[in-house]
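no sequence for this one, just the structure:
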């Protein structure tokens, strides 16, 4: 199955500093990564020491100090006649694993992993909010500039309130499952916003006790002061990334079903 959102190819210099980040919708076939890396390597004229390919689910599939290693993998594991007959190239299980981008003797800094997990969560949440903004722009028949001005001045929950009200108003004549599915989508988005997004956006964090986990240090002071330290495992992050990708696609379908709001004008004081 192809990735729902673009993969990233991160090229790094020898000192591990980032040279360039590309967003490339190249799907899940790892050998497609190799071809794309080869194109990038020719364009950058060997300015890069290593390449990392990061899927929307967080795995780093590959990185090599040169294209030679890709050729070795291709020669060893390519399905017979794949190139000539349009077949699929495959890599045996465990050949390419998360963090294989690092040299065999290196260990990835846990803080790097924690920062990547947090940043990736915010990336996917932003895609959800972009989907909501697009739906509101369609409802109000706003072009790009005015739409950005309006949506930038509406907080997240109020955007959902508007969307919920329009779903209610336009449910007549729709299939019986349409409104319940839209209601569930909006409810799920509220749930991923609070508390998960609030925790990620507003809490200090550090590497957690398990590999690739993150510990957040949340302070809540509504009725009384509370300190919480939720730990999100690597699987927790992956599950939430998948959920947000799903919500983004569902929002697109919902927006396609909605019509611009045709209300009556009213004036006060005239």
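Structure received. Because the structure is predicted, anything quoted here is derived from the model rather than measured. Numbering: from 1, shown residues only.

looking at the protein, which helix or strand is least sure?
None of the helices or strands of the chain scores lower by mean pLDDT, DSSP states H and E than helix 82-85, at a mean of 36.

what is the rounded mean pLDDT of the next helix or strand after that one?
Using DSSP states H and E, the next helix or strand after helix 82-85 towards the C-terminus is helix 110-139. In this model, helix 110-139 has a mean pLDDT of 94.

same question, stretch 260-270
Here the average pLDDT along stretch 260-270 is 62.

what's the angle between the host helix or strand of residue 146 and helix 110-139?
For residue 146, the element it lies in under DSSP H and E is helix 144-152. Calculated by axes from the mean of the first three to the mean of the last three C-alpha atoms, to 10 degrees, helix 144-152 forms an angle of 110 degrees with helix 110-139.

and residue 201, what does it touch?
residue 122 (C-beta atoms under 8 Å, 6 or more residues apart in numbering). Yep, even glycine has a C-beta here, placed from its N, CA and C like the rest.

Correct me if wrong, but it is in a strand.
No - per DSSP: H, G, I helix; E, B strand; the rest coil, residue 201 lies outside any strand segment and is helix.

what's the distance between it and residue 234?
As defined by C-beta to C-beta, to the nearest Å, residue 201 lies at a distance of 20 Å from residue 234.

now swap in residue 252 and tell me
28 Å.

The two - which one has more neighbours?
Ranked by neighbour count (other C-beta atoms under 10 Å), residue 252 and residue 234 place residue 234 first, with 18 against 12.

Residue 240 is in contact with the more buried one, correct?
No - Residue 234 is not in contact with residue 240 according to C-beta atoms under 8 Å; the separation is 11.1 Å.

ok, residue 145 - contacts?
By C-beta under 8 Å, 6+ apart, no residues touch residue 145.

For it, report the pLDDT, please.
Residue 145 carries a pLDDT value of 91.

what's the following helix or strand after the helix holding residue 146?
helix 156-169.

Could you point out the helix or strand that follows that next one?
Immediately after helix 156-169, counting by DSSP H and E, sits helix 178-192.

who touches that next one?
125, 128, 132, 157, 160, 163-164, 167-168, 171, 240, 243-244, 247, 250-251, 254, 257.

let's go with 6 Å and repeat that
160, 164, 167, 171, 247, 250, 254 (C-beta atoms under 6 Å, 6 or more residues apart in numbering).

Can you report how many residues lie near residue 110?
15.

how about it, what does it touch?
Going by C-beta under 6 Å, 6+ apart, residue 110 touches residue 207.

how close does residue 118 sit to residue 147?
Using C-beta to C-beta, one gets 28 Å for the distance from residue 118 to residue 147.

ok, now residue 165?
According to C-beta to C-beta, residue 165 and residue 147 sit 18 Å apart.

what does residue 178 give?
According to C-beta to C-beta, residue 178 and residue 147 sit 25 Å apart.

Can you pull the poorly scored residue ranges out of the stretch 1-150 of the chain?
1-38, 40-107 (pLDDT under 70).

Can you get me a residue count around the spatially closest residue to residue 121 that is not a sequence neighbour?
Leaving out its chain neighbours, the residue that sits closest to residue 121 by C-beta to C-beta, 6 or more residues apart in numbering is residue 200, at 5.1 Å. Residue 200 has 21 neighbours, counted by other C-beta under 10 Å.

ok, now residue 220?
For residue 220, the count of nearby residues is 12 (other C-beta under 10 Å).

hang on, it is in a helix, isn't it?
No - counting by three-state DSSP, one finds residue 220 to be strand, located in no helix.

Next, work out how far apart it and residue 189 are.
From residue 220 over to residue 189 the distance is 22 Å, taken as C-beta to C-beta.

Equivalent analysis for residue 198, please.
Distance from residue 198 to residue 189, by C-beta to C-beta: 13 Å.

returning to what we had before: between residue 165 and residue 147, who's got more neighbours?
It is residue 147, of residue 165 and residue 147, that has more neighbours when counted by other C-beta under 10 Å, with 17 against 12.
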